[in-house]
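Student: After the sequence you'll find the predicted model.
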Amino acid sequence: MLPKLTNLHKLNISDVSGDYANALHSSLQILLQLVSLTIQGSAIPFDSVITAFSNQRCLKKFVLYGKLNCRQLPRNDLFPQQLEKLVFLYSELEHEPMATLEKMQHLKYLVLGDTYQGKKMICSATGFPQLLSLDFRGSDELEEWMIEENAMPYLRNLKIRKCPNLKMIPEGLKNVQLDKLVLEDVSEELKTRITENTIEDWHKIQHVPKISIK
């Protein structure tokens with residue numbers, strides 16, 4: 001049925017597993033008018049998805065909900081370059097995704113939930129050149145997040161949630177002109193460090209107009 005819907009703009013697929021790899025790959029190569037694609041499942045055959053992306057020229061929104069059959073994201077040039085919104089939930093990646101995602105030139109909205117379980121994450125200088133909103137949550141092992149100068153120059157909304165071992169606010173946030181910062185379910189140590197007028201981390205976020213700590 002799917003291959004006949006060649007003018008389809010929005011597609012949600014659930015219960016995807018490796019058994020559907022060939023069918024998924026074939027369908028994505030034909031459905032060239034997709035603007036929004038959501039895939040849910042367990043052991044999602046991401047290699048089949050990514051290799052079919054080369055023909056996608058209209059895709060703006062891509063949501064992956066479930067564990068992938070890989071532990072590392074592929075090269076950024078294999079993703080549709082016009083993507084503006086990207087959501088990864090429960091992907092369980094072993095290698096940090098930022099090195100790939102930050103090179104996406106048109107990405108504006110990024111949600112990463114239970115996606116990466118490493119201890120360190122880096123956003124490189126000039127990375128995420130158009131990103132407006134970042135929602136990062138569910139990284140139990142993350143201890144250190146580095147944001148280099150000139151990374152995320154247009155970021156306005158940042159949510160950090162359920163990162164109980166994150167020890168401090170990234171130093172680089174003091175150079176990011178945020179409109180709103182949300183911290184939720186973080187450690188008491190981190191909350192103490194960002195208390196107003198403390199010497200540890202307050203200077204990094206004192207310029208942010210709206211700060212919510214839960």
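Tutor: That came through, no problem. Residues are numbered from 1 along each chain as shown.
Student: I'd like the next helix or strand past the longest helix along the chain.
Tutor: The longest helix of the chain (DSSP state H) is helix 21-30. Downstream of helix 21-30, the first helix or strand assigned by DSSP states H and E is strand 36-41.
Student: in that following strand, what counts as buried?
Tutor: The neighbour-count check on strand 36-41 (16 or more other C-beta atoms under 10 Å) flags 36-37, 39-41 as buried. (Glycine included, C-beta is placed from N, CA and C.)
Student: so what does it touch, helix or strand wise?
Tutor: strand 10-16, strand 61-65 (3 or more C-beta pairs under 8 Å, 6 or more residues apart in numbering; DSSP states H and E).
Student: which neighbours does it have in its sheet, and in what orientation?
Tutor: Partner strands and pairing direction for strand 36-41 (DSSP bridges) are strand 10-16 (parallel), strand 61-65 (parallel).
Student: CA atoms of the shortest one as CSV?
Tutor: By that I understand strand 61-65. The C-alpha trace of strand 61-65 is given here as CSV (Å, rounded to 0.1, in the frame of the first residue of the first chain):
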residue,chain,number,x,y,z
LYS,A,61,10.8,16.6,10.6
PHE,A,62,12.2,13.2,11.7
VAL,A,63,11.2,11.3,14.9
LEU,A,64,12.8,8.0,16.0
TYR,A,65,11.2,6.4,19.0
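Student: and that strand, how far out from the chain's middle?
Tutor: In terms of C-alpha atoms, centre = their mean, to the nearest Å, the gap separating the centre of strand 61-65 from the centre of its chain is 10 Å.
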